[in-house]
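Colleague: give me a 3D structure for the following:
(chains A, B, C and D)
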Number of protein chains: 4
Amino acid sequence: MATNQGLKIAVIGGGSSYTPELVEGFILHYKELPVRELWLVDIEPGLRKLNIVGNLAKRMVEKSGLPIEVHLTTDRRKAIEGADFVSTQMRVGMLDARARDESIPLKYGVIGQETTGPGGMMKALRTIPVILDVCRDIEELAPNAWLLNFTNPAGMVTEAVLKYSKVKSIGLCNAPIGLIKQVSAKYNVAADRVYAEFVGLNHLHWITRIDVEGEDKLDDMLTEGYSAKNVPAREWNPEFLQSLRAVPSYYLKYFYMTDAMLEEQMESFKQGINRAEVVKRVEEELFELYANLELSEKPKQLEQRGGAFYSEAAVNLMRSLHNGSNDIQTLNVANRGILDFLPDDASIEVNCVVTKNGPLPLPLTKIPPMAKGLIHAVKTYEQLAIDAAVTGDRALALQAMVHHPLVPSVDVAVRMLDEMLEANKEFLPNFFTK
Amino acid sequence: MATNQGLKIAVIGGGSSYTPELVEGFILHYKELPVRELWLVDIEPGLRKLNIVGNLAKRMVEKSGLPIEVHLTTDRRKAIEGADFVSTQMRVGMLDARARDESIPLKYGVIGQETTGPGGMMKALRTIPVILDVCRDIEELAPNAWLLNFTNPAGMVTEAVLKYSKVKSIGLCNAPIGLIKQVSAKYNVAADRVYAEFVGLNHLHWITRIDVEGEDKLDDMLTEGYSAKNVPAREWNPEFLQSLRAVPSYYLKYFYMTDAMLEEQMESFKQGINRAEVVKRVEEELFELYANLELSEKPKQLEQRGGAFYSEAAVNLMRSLHNGSNDIQTLNVANRGILDFLPDDASIEVNCVVTKNGPLPLPLTKIPPMAKGLIHAVKTYEQLAIDAAVTGDRALALQAMVHHPLVPSVDVAVRMLDEMLEANKEFLPNFFTK
Amino acid sequence: MATNQGLKIAVIGGGSSYTPELVEGFILHYKELPVRELWLVDIEPGLRKLNIVGNLAKRMVEKSGLPIEVHLTTDRRKAIEGADFVSTQMRVGMLDARARDESIPLKYGVIGQETTGPGGMMKALRTIPVILDVCRDIEELAPNAWLLNFTNPAGMVTEAVLKYSKVKSIGLCNAPIGLIKQVSAKYNVAADRVYAEFVGLNHLHWITRIDVEGEDKLDDMLTEGYSAKNVPAREWNPEFLQSLRAVPSYYLKYFYMTDAMLEEQMESFKQGINRAEVVKRVEEELFELYANLELSEKPKQLEQRGGAFYSEAAVNLMRSLHNGSNDIQTLNVANRGILDFLPDDASIEVNCVVTKNGPLPLPLTKIPPMAKGLIHAVKTYEQLAIDAAVTGDRALALQAMVHHPLVPSVDVAVRMLDEMLEANKEFLPNFFTK
Amino acid sequence: MATNQGLKIAVIGGGSSYTPELVEGFILHYKELPVRELWLVDIEPGLRKLNIVGNLAKRMVEKSGLPIEVHLTTDRRKAIEGADFVSTQMRVGMLDARARDESIPLKYGVIGQETTGPGGMMKALRTIPVILDVCRDIEELAPNAWLLNFTNPAGMVTEAVLKYSKVKSIGLCNAPIGLIKQVSAKYNVAADRVYAEFVGLNHLHWITRIDVEGEDKLDDMLTEGYSAKNVPAREWNPEFLQSLRAVPSYYLKYFYMTDAMLEEQMESFKQGINRAEVVKRVEEELFELYANLELSEKPKQLEQRGGAFYSEAAVNLMRSLHNGSNDIQTLNVANRGILDFLPDDASIEVNCVVTKNGPLPLPLTKIPPMAKGLIHAVKTYEQLAIDAAVTGDRALALQAMVHHPLVPSVDVAVRMLDEMLEANKEFLPNFFTK
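Modeller: Predicted coordinates:
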């Protein structure tokens, strides 16, 4: 702990548009999570945004009257030193890189997506070395800190940290909390009266149990599915869902409706629509709002942004770790035998009890047999891609690309990999400076 | 044993064009495998072929001067009663069903193949109940017999027997023996000086070790691949092969070169070429030869047929089981922990020591990490399809179809399944008579 | 649930001297655990005690003013019908059998103990068939009920139920709650601020982590050990404890101090002291108190009895199951991979999150390597003894006895088994009526 | 290979009385195992014996007329350099240390034995660092050599090498080959017509299958047991053996008949009989024979010595490794999942196929459930003792001693360890020079 009077928190990528939500969380939950120092860190090119959002943060804190110090800095080591929690929410290569991740695969007839497929792989290659660099700092300057990772692809980034550093790390996604919120709204009960069992990986999970106040509501949900703002809503085939006996994550549409999803992406691409561009515009509008010196609270518009609940998930997790509250949260952690066909150090997305000593994954009560193959296929790709990111080994990168279930052939993989590595050259020193 | 003077062997599907090779094997290896009774069984519609090939078998035996009795029958129970070995080489629905298996998927832009994909699944649905029916007879009439299964999809059929009967069963494929022959020819050494390690499933294996007289020749083979007559030869990408560090089965081209393989199939289909039709013609020519009363040996032309070495593999296996010779053969058997991510009762293709009490699988010395996902994905499909075959449950059949890696979406799976089930109605009493 | 107005609870062995504590618990926690019907069941020979304790229960409830109905009966099926919870606290053969369990082994120079060793094995042989008989009733009359088993040997009884019935069952012991109470008293904190990690089996656990308000206090406890009233207190060797890095259960003294414990037992035996006799006397005194019609609360003296906290543990567990409170309790449940060297259906003693759907075991963060062998050795004995109890197979009973780590040889096992089976003849119909 | 004309073999502890048997083996099997250089190495104090036995070896070779060079040396590195096979047969502390291993435990009422219990543990502590030192030389000077380890406790020594060096190592014991010889003699068949399945660890195995020419003879053997010269023959209880359904190793008498074996040892000890002394005398007589310059063959008397067949086992193994003969031998190798409750790197005694690339363990077809606990208990001790040997950590040594199933209490362990460490001070630099 920074001092015995409160916690020190470092947010890597603090200039993000999500930051006001996080600050709101710290203010609301100050009693159980007494933050004394909040360090927002960003890189030089993000300085303008850091200042805008950081100043909003300061105004929010001031209005609250709480003794939280907000620091804005580009000196990462200073921010990390002695921190109790470090959170990361970065985008190496920024939205331009995302636009490339989403568009290049389309040329090869392959899904273009920022967290899975060839696009997600490129994001992993760019991001993992940077995160491991952050970990080196944490190992040295804040060895007892918890690293809360929001940076996508969160499952792969978390697994890379588990394997290649000594930092205590947890990966977080907003999808599980989103499902809980959706169910609690539908049945008009408090969120803690909903118990949902998640099986699988980050952005590749199936929900096999949904209890509302102890009553099984899976059948209800199987007739509905669940959806999210940042993934096009498509209807699931009802016969398929009934025989699956599990609600698939909306990201599973890329795998279960590959043809239709691809067609839709192609169509949007032809029309010049591009999710990265849309997000860019939304972000600009947000920062315009943030810059308004009259504003001293989180603007409503932020909730329209895709990543709703990310910050709520983060604050919940920090609070439970700090207090050892032993409540259940859905997190990305080491497998440790939960999915018995994956290695112990594979990251999975699973319900955990959050103890003072960290999250303990809960055993699964049901695993849909049909999910095992796809989980293992994607994890195989993830392991290869993580090792490629760490080593900069093109052979591993090729094997990762070939073995991704969305890639149709070795031939396509070879050509697509060439173009995508070249397009990301600037952000892949491991691959290009040797 | 039938009597203490020799063995009784029952061949289910004895009217097959492969039978002369089997008979040749029995004659050549009579000393170590003293066959006294050879029962060739077939169903009524196959009686003409059974008589032609059976009479050739009788002429072959007569010429050899050995005391082997050849029986031709449509009474399966009589053939099985007291048998030491039962082998199956059947084709439920015959070549017409195969033609449908290979052509219907093409309409949906999906690979049409007789042992994998939607085609292989239909073959499994037709075949497994028939084989399990044979098993009921063996359990009753020859409980100590070994069932040697050559019927494709051999891995799935073997797994169905392991799970749903008490019969001692082994699955056999000609691909491993073919690879050994190819290597032994290339290096001009005896086959027993070649040691190759196979990893994976039937028609889905990788070869990770090829030693010739104790010397590692994997690198040589990685520059070549291995091929077979009944799969179109395509070149492997050399960069891919080098980084894979394993020689993939030629059936893996359906997965690693899906786009090109599909294009080729489409092209052939447009030109009216159809593998089932080709095979039909070859078979007719063979039976014309067999019918020649002057012929009393296996004709050379049989070796041109795709399934070369099948019968050699069968005779080798029977010989080793009979004598407990403890030699190494590549077989389809229960996993029993060899691939630690698959259940113990999953069938895998693996090197085994053939003891008097049956084959014992050898631990693998290398498993290519990239292969795990695909193996698990295909095994997931196989398990679902086996259970669908046994129960006639359409929901399971849909889940199997959806989760096959070659099927692009739930939507395609639903429509293709409808058409294929309907087209196979006659051979799927489990699905249609309830 | 019995009705929508409250829960029905059946206590098998309701005439036990522990019952007033249980009733006190139901009264105290009525709000979260609204008991409407409490059925105390016992067998004919226990009718006198049942009436005494049952009438005390009625007076306690009356004084509380709560709408709890107390029923006394010898009709087990009526008590079980529609119950929400069934708890068992029985002693087949009563204290006389215990006296034999504790004394016969001493003749052979072997530890005489009621829950482990030859004595515990006899208790298991007598008890398991009776419990499974109760389970048959629950399966038929209250299939959704939870069975809370307090009957020793609780680990073996629980495993027998897991393997040989469909009843949802949990085993409970007072040792873990006792340790928590001891620690919370020592550090003067609330019990829920103590987190202790238990590794092993019922009456064979090691505590590897003791956190008090998130601070590691293991080293403190290693200098102290923990003890209990019903096991002679002996000092642990400090060098041993330091290098073990875990606090052993006091039952482990039978294994780690076998020679001294045996000597002590021998000495007591010579002096005519006998734990069963002591307990008998204590019980008689308690029933004298209970019979006093002026008494309408749990008498203080009950707390002196060995099984302190048993009823508290039971009420806690029922409350959490009823409300799905997701708190952590140390329970005896199916292993499910937690100790990776034991089968999935072995019972272990482990921290669990108690969800609405039952307890989910938490993964262990530390397993002392030295404990594995002894855990596996005792579990081996337990599995054999359970199967012996179910089948009445003397060969299995002999193997169980031989393989118990406290039994010095086959020869001793054979002779001791003969005598002990004979002495328990009346209670072992499985062994003697065939 | 030393040169392309033959193999180089280094025998560490070449002055052993067993050496003539080994030399005889090399002469008999020269054709399949063409030894060109045989290096017999020993330490200074063993020089006299090395010269006697080495000169006999030279006379034996000369008589054979084969081009084998015999070298005698105390320069271990020269002997190892470029070797194809290194075998070890050493006794650190010589027979005097053995005498102490066997006698000190008796003072504490504990079995005194040279390969298990406290005696075996001391032997492990003395030997493992020396063997690992040999391994350092092999890693540097003969990295492709196979290390064949005969040095007891062979299982622990082999496991230490597997864990703490990169040397390719196999442990060998004469017990399995002895059993095969006994059975082949009994049934008057060739040894290769006997198939026996061994389950467990070195000196702690059960035989669960004995087939003679494919026929199950287990029941025959269960009425007999098997015995050996260097372990007092005691009768097994027939009821026990029948219900065990496995033939226990004669070393298991120390565990299954602890009381009687201990009594016998005490009796012998009182009478001044001491196995180490007996062996000493036998050895002296042998060396007297060997010194006779007329002798140029292995004297018959050597066969009376306890370790019969050790050298035959060694030559068989070298021959199979050299030729890749793929035959089955019972060896001590890494577990690799064969016993699923032990770690992959635990050494076990198991049937293996000996390939050119080393032995591959065969899956077990039957594991007696009663054996699991004892196997795990002994392996737990072994792991702790190995780590104690490598580190010289007294805490680990104490934990090892306490957790050996033959040690009755922590108290005895502490006192016995003190005395035994002190008595072995000279040979335990890891423990005493820090």
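
Colleague: can you pull the phi and psi angles for A:I68?
Modeller: In terms of degrees, to the nearest 10, the main-chain angles of A:I68 are phi -100, psi 130.

Colleague: neighbours of it, how many?
Modeller: 23 (other C-beta atoms under 10 Å in any protein chain shown). To be clear about C-beta, it is placed using only N, CA and C from the backbone, and glycine gets the same treatment.

Colleague: contact residues of the stretch 101-250 of chain A facing chain B?
Modeller: A:W236, A:N237, A:E239, A:F240, A:Q242, A:S243, A:L244 (C-beta under 8 Å from any C-beta of the partner chain).

Colleague: need the residues you listed in CSV (columns: neighbour count).
Modeller: As requested, those are exported to CSV (neighbours: other C-beta atoms under 10 Å in any protein chain shown):
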residue, neighbour count
A:W236, 23
A:N237, 19
A:E239, 13
A:F240, 18
A:Q242, 14
A:S243, 19
A:L244, 25
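
Colleague: identify the farthest-apart pair in those.
Modeller: In terms of C-beta to C-beta, these reach their longest pairwise distance at A:W236 and A:S243, which sit 11.5 Å apart.

Colleague: related to what we said a few turns ago, just give me the closest of the residues of the stretch 101-250 of chain A next to chain B to B:N55.
Modeller: Nearest to B:N55 among these, counting by C-beta to C-beta, is A:S243 at 50.2 Å.

Colleague: quick revisit: among the residues of the stretch 101-250 of chain A next to chain B, which has the minimum pLDDT value?
Modeller: When these are sorted by pLDDT, the bottom entry is A:W236 at 89.

Colleague: so that one sits in a strand?
Modeller: No. Counting by DSSP: H, G, I helix; E, B strand; the rest coil, A:W236 is not part of a strand but coil.

Colleague: quick one on the thing from earlier: what is the nearest of the residues of the stretch 101-250 of chain A next to chain B to chain B?
Modeller: Set against chain B, the nearest of those by C-beta to the nearest C-beta is A:S243 (3.5 Å).

Colleague: thought that closest one was touching B:A395?
Modeller: Yes. Using C-beta atoms under 8 Å, A:S243 is in contact with B:A395, at 3.5 Å.

Colleague: quick check: residues of chain A near chain C?
Modeller: Selection of chain A residues close to chain C by C-beta under 8 Å from any C-beta yields A:195, A:209, A:211, A:213-214, A:324, A:326-328, A:336-338, A:340, A:353, A:355-357, A:360-363, A:365.

Colleague: among those, which ones are buried?
Modeller: Buried members of the residues of chain A next to chain C, counted by 16 or more other C-beta atoms under 10 Å in any protein chain shown: A:195, A:209, A:211, A:324, A:326-328, A:336-338, A:340, A:353, A:355-357, A:360-363.

Colleague: any low-confidence regions in the stretch 151-300 of chain A?
Modeller: Low-confidence segments of the stretch 151-300 of chain A, defined by pLDDT under 70: A:224-234.

Colleague: give me the residue from it nearest chain C.
Modeller: Going by C-beta to the nearest C-beta, chain C is nearest to A:G214 of the stretch 151-300 of chain A, at 4.1 Å.

Colleague: ok and the residue in the stretch 251-400 of chain A nearest chain C?
Modeller: Residue of the stretch 251-400 of chain A nearest chain C, by C-beta to the nearest C-beta: A:K356 (4.0 Å).

Colleague: quick one: the residue nearest to that residue when sequence neighbours are not counted and B:I273, what's the gap?
Modeller: Leaving aside its sequence neighbours, A:K356 sits nearest to A:G324 (C-beta to C-beta, 6 or more residues apart in numbering or on different chains; 3.1 Å). According to C-beta to C-beta, to the nearest Å, A:G324 and B:I273 sit 70 Å apart.

Colleague: could you do A:G392 as well?
Modeller: Here the distance between A:G392 and B:I273 works out to 46 Å (C-beta to C-beta).

Colleague: which of these two has more neighbours?
Modeller: Taking other C-beta under 10 Å, A:G392 and B:I273 do not tie; A:G392 has more neighbours (17 against 11).

Colleague: that one and A:N430 touch, don't they?
Modeller: Yes. Counting by C-beta under 8 Å, A:G392 does reach A:N430; the two are 2.9 Å apart.

Colleague: re earlier: okay, and which of the residues of chain A next to chain C map to strands?
Modeller: In this view, the residues of chain A next to chain C that belong to strands under DSSP state E are A:Y195, A:R209, A:D211, A:D327, A:I328, A:V353, A:T355, A:L360, A:P361.

Colleague: quick one: secondary structure of the residue lying closest to A:A142 once chain neighbours are set aside?
Modeller: Nearest non-adjacent residue to A:A142, counting by C-beta to C-beta, 6+ apart: A:A83, 4.5 Å away. The three-state label given to A:A83 by three-state DSSP is coil.

Colleague: A:A83 contacts A:I12, doesn't it?
Modeller: No. Look at A:A83 against A:I12 with C-beta under 8 Å: they stay out of range, at 10.2 Å.

Colleague: does the closest residue in space to A:I386 that isn't next to it in sequence sit in a helix or strand, and which one?
Modeller: Spatial nearest neighbour of A:I386, chain neighbours left out: A:A160 (4.8 Å); criterion: C-beta to C-beta, 6+ apart. A:A160 is part of helix A:154-164 when elements are defined by DSSP states H and E.
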